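A.B. asks: let's see this in three dimensions:
(chains A and B)
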Amino acid sequence: AQKITQTQPGMFVQEKEAVTLDCTYDTSDQSYGLFWYKQPSSGEMIFLIYQGSYDEQNATEGRYSLNFQKARKSANLVISASQLGDSAMYFCAMREGPYDYKLSFGAGTTVTVRA
Amino acid sequence: DVKVTQSSRYLVKRTGEKVFLECVQDMDHENMFWYRQDPGLGLRLIYFSYDVKMKEKGDIPEGYSVSREKKERFSLILESASTNQTSMYLCASTSQGAYGYTFGSGTRLTVV
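C.D. replies: Here you go, the predicted model:
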């Protein structure tokens, strides 16, 4: 079964608007971590934000916030005030258990920011 | 600046060739990973290693092997390259107890 599901292959957003990227996950572990990465056309993977399963507050990093809904197994990324430089592929990923360092990735969502 | 270095950015190989993809990290990380990235499939784990000379299969190990003789170096080997191994290959590393992963810039391999 797919551990990470990203249902939006591609999205367009107007500059300065907010965009929400969907991510649902599947795990039976109580301890897990959720990540979002950005991959611009250059190919590098850039870490954006992390949410631990026991974190009570939603994670935020600058213009990025993670809407964590544990009961729904949802970890959506919100990018506020979109910029042209936000155009990229975005991946949601999960690490299960405290001692397992493997990451499972979703299929990714391509975001295109329009001027 | 700490980094993960993949030896080649682009590589073209012929079917049946033995191919080596090298990955070196300078952060003294214990854990290293090889992923392949394909459109619509995201990143899929091929092999990983949590220590020198240790290796474990990921989700898609068929057709690949790995070598980790030194802590800083993790090599991916395609024993006999096939066209369905044309892909982007990404190496990553992390330390024990950390949640931050550092990725290399990727190797785009084309098998003809």
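A.B. asks: and the most centrally placed residue in chain B, bridged to which residues?
C.D. replies: In chain B, the residue lying closest to the centroid (CA atoms, centre = their mean) is B:Trp34, at 3.1 Å. For B:Trp34, the beta-bridge partners under DSSP bridges are B:Tyr47, B:Cys91.
A.B. asks: B:Gln37: what's it in contact with?
C.D. replies: Residues counted as contacts of B:Gln37 (CB atoms under 8 Å, 6 or more residues apart in numbering or on different chains) are B:43-44, B:87-90, B:106. From N, CA and C alone the C-beta is placed, and that goes for glycine too.
A.B. asks: err, B:Lys57, not the other one
C.D. replies: B:Tyr47.
A.B. asks: A helix includes B:Asp51, no?
C.D. replies: No. Counting by DSSP: H, G, I helix; E, B strand; the rest coil, B:Asp51 is not part of a helix but coil.
A.B. asks: wait, it touches B:Glu69, no?
C.D. replies: No. Using CB atoms under 8 Å, B:Asp51 is not in contact with B:Glu69; the gap is 11.8 Å.
A.B. asks: who does the helix or strand of chain B with the lowest mean pLDDT touch, helix- and strand-wise?
C.D. replies: When the helices and strands of chain B are compared on mean pLDDT, DSSP states H and E, strand B:102-103 comes out lowest with a mean of 93. Under the contact definition 3 or more CB pairs under 8 Å, 6 or more residues apart in numbering or on different chains; DSSP states H and E, strand B:102-103 sits against strand B:87-94.
A.B. asks: neighbouring contacts of the strand it packs on?
C.D. replies: Residues outside strand B:87-94 that contact it (CB under 8 Å, 6+ apart): A:43, A:45, A:101, A:103, B:4, B:6, B:21, B:23, B:25, B:27, B:29, B:31-38, B:43, B:46, B:74, B:76, B:100-104, B:106-109.
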